[in-house]
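In: Quick one: sequence and predicted model below, then my questions.
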Amino acid sequence: MRVAVSVLRANGWPRVVAALAAMRCTLRSSGSAAVVAAVVSALTVEPVWAETLPEALVRTYQNNPQLNAERARQRGTDEGVSQALAGYRPQLLATLTGGLQQVRVLFFDNTIQTQTLRTWTIGLTVSQTLFNGFKTANTVRQSEAQVFSGREALRNTGQGVLLDAVTAYTNVLANQSLVEAQRINVAALRETLATTKTRLEGGDVTPTDVAQAEARLSRGLADLNAAEVGLAISQALYAQVIGVPPGRLVPAESIDRLLPRTREEASAISRKEHPAILAAMYDIDVAQFGTKIAESSLLPTLSVQGSLQRQWENDPTLSAKGNDIASLLGTASVPIYDGGLAASQIRQAKEIAMQARIVLELIRNQTQTAVLSAWVTFEGAKVALAAAEAEVRAASVALAGVQKEAQAGQRTTLDVLNSQQDLTAARARLIGAQRDRVIAAYALLGAVGRLDVKTLGLNTPDYAPEVHYHQVRDAWHGLRTPTGQ
């Protein structure tokens, strides 16, 4: 039995409860040697398919709807630069007009003549803006800043989605272990009830002991039902976040090597690398360029326009059938007064820029608070896990001792039931502590801004938003997206 216990510790709690389930089934029909064989068999036989946390994260990174929607939004933001660059390019316009015109002419001798004229005109106009108060240049720079801000927002969304996947994964794993632990508890309570009834027939206990055992069994069944409900809910959330129902999940490996060593280091990394802070910094650039765009309305504009036009008419009173017209015109306009519209827009843009600076400071403070909270939670989770492991070991020893003392008549049935309940509660707390330990580690990595594919070393290509940006930035024409839509 000691060999079995050592194997249990080496394989982790999810394997422990699976082995205990096998042990429970074998206990009634075999001796201790058969129990050891059942435990070792449950631990050494691998299932056909198992999914690890990195594999679940890869699936999430590739297929999560929220993350894919954010990527589509970013691709739409990329088009803003192409639209801004259109201000540098000429505008071509082709026109074709035609129709009928009824003319009624009254002469001095009171005679009237009517004529139906057919007029056709075709033309081509080319317009080019030469100067617009630097509006186009500032619009391009603003659009580029929006692209950079959007990329950081995409990275921040990716962090949140990956953390959701970690949470969903560990919740399913913990709830599966909790269900097994509750099943073991119910089996133990059934055996305790059967033993108590046997002892009642022999006169060793009273009907009160049987009633107590039955009550604890009912509570155990209710706890098992609650655990199964929690597992079903966590499985549904798993499918929502990761995209497929969970199979057999493997306990997550430690990522402590990826975490900062001190709280000060974590704070310093977040200030430099957290995507929310970087996005807010780019938002300040967006707002500043917005001020310059508003100021361009106070500057003169200069443009040139060339046109070609051919017109046909069937007026018999004219000696010519049509005419050709070519023109090249330059236009310069200087704003003098617009009722205060431009001045108001400039003041508004300055206030928006001030708001962006304040938001940056707010996000910095929030990020530092999140780092501190994540660090304290992570350290607390480690302490809680060590305490839970010690509690399970002590509760297991206590239960074994109480059972032996009860067999010798030194303990009551209620003592056994209470000890069994203590062990079950300790196992539940251990499962929760293991789950919290994993989530806290990934949450700390996300708080510093490094919860991404590259840092985790996931086996999937990292989504590169700059690829689409360069595909559409200088596109002069075309309706299809780079993906062919």
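Out: Thanks, I have it.

In: Going by C-alpha atoms from here, please, whenever you check contacts or count neighbours.
Out: Will do.

In: what about the nearest residue to V161 once chain neighbours are set aside, helix or strand, and which?
Out: Closest residue to V161 in three dimensions, ignoring its sequence neighbours and counting by C-alpha to C-alpha, 6 or more residues apart in numbering: L67, at 7.0 Å. Here L67 sits within helix 65-85, counting by DSSP states H and E.

In: Could you list the low-confidence segments of the stretch 201-350 of the chain?
Out: Within the stretch 201-350 of the chain, the ranges that satisfy pLDDT under 70 run 314-320.

In: What ranges does it have for its strands?
Out: 301-313, 322-333 (DSSP state E, counting those that start in this stretch).

In: Need the winner for burial among those.
Out: Stretch with highest mean neighbour count among these: strand 301-313 (a mean of 16; mean count of other C-alpha atoms under 10 Å).

In: ok so, going back, next secondary structure after the helix holding L67?
Out: Using DSSP H and E, the helix or strand that follows helix 65-85 in sequence is strand 91-106.

In: For T125, see how far away L328 is.
Out: Taking C-alpha to C-alpha, to the nearest Å as the criterion, L328 is separated from T125 by 10 Å.

In: list residues touching both of those two?
Out: Shared contacts of L328 and T125 (C-alpha atoms under 8 Å, 6 or more residues apart in numbering): 305-307.

In: got JSON lines for these, with distance to T95 too?
Out: As requested, these are arranged in JSON lines below (distance: C-alpha to C-alpha, whole Å):
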{"residue": "Q305", "distance to T95": "15"}
{"residue": "G306", "distance to T95": "14"}
{"residue": "S307", "distance to T95": "11"}
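
In: domains in the chain, as residue ranges please.
Out: 1-46, 53-89+136-299+343-472, 90-131+302-334 (automatic domain parsing).

In: can you give me the helices for the stretch 101-250 of the chain?
Out: Listed in chain order, the helices found in the stretch 101-250 of the chain under DSSP state H, counting those that start in this stretch are 135-201, 207-242.

In: Can you name every helix or strand that the last one contacts?
Out: To tie it back to what came earlier, the one meant is helix 207-242. In this structure, helix 207-242 makes packing contacts with helix 53-63, helix 135-201, helix 413-447, judged by 3 or more C-alpha pairs under 8 Å, 6 or more residues apart in numbering; DSSP states H and E.

In: among these, which is nearest A394?
Out: Ranking the helices and strands packed on helix 207-242 by their distance to A394 (criterion: C-alpha to C-alpha) puts helix 413-447 first, at 8.6 Å.

In: and the helix or strand just after that closest one, which residues are buried?
Out: Under the assignment DSSP H and E, the closest C-terminal helix or strand after helix 413-447 is helix 453-456. Counting neighbours by 16 or more other C-alpha atoms under 10 Å, one finds that the buried residues in helix 453-456 are V453.

In: Stretch 456-467 too?
Out: Result for stretch 456-467 [16+ other C-alpha under 10 Å]: buried residues 458, 465.

In: chain center to it: distance?
Out: Its chain's average C-alpha position is 15 Å from that of stretch 456-467, according to C-alpha atoms, centre = their mean, to the nearest Å.

In: Restricting to C-alpha, output that stretch in PDB.
Out: Backbone C-alpha positions of stretch 456-467 (Å, rounded to 0.1, in the frame of the first residue of the first chain) are rendered in PDB as follows:
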ATOM      1  CA  LEU A 456       4.400  30.500 -23.700                       C
ATOM      2  CA  GLY A 457       6.100  28.800 -26.600                       C
ATOM      3  CA  LEU A 458       2.900  27.500 -28.100                       C
ATOM      4  CA  ASN A 459       3.100  25.400 -31.100                       C
ATOM      5  CA  THR A 460       1.200  27.700 -33.500                       C
ATOM      6  CA  PRO A 461       2.200  30.600 -35.700                       C
ATOM      7  CA  ASP A 462       1.900  34.000 -34.000                       C
ATOM      8  CA  TYR A 463      -0.800  36.100 -35.700                       C
ATOM      9  CA  ALA A 464       1.100  39.000 -37.300                       C
ATOM     10  CA  PRO A 465      -1.300  42.000 -38.000                       C
ATOM     11  CA  GLU A 466       1.400  43.900 -39.800                       C
ATOM     12  CA  VAL A 467       1.200  41.400 -42.700                       C
END
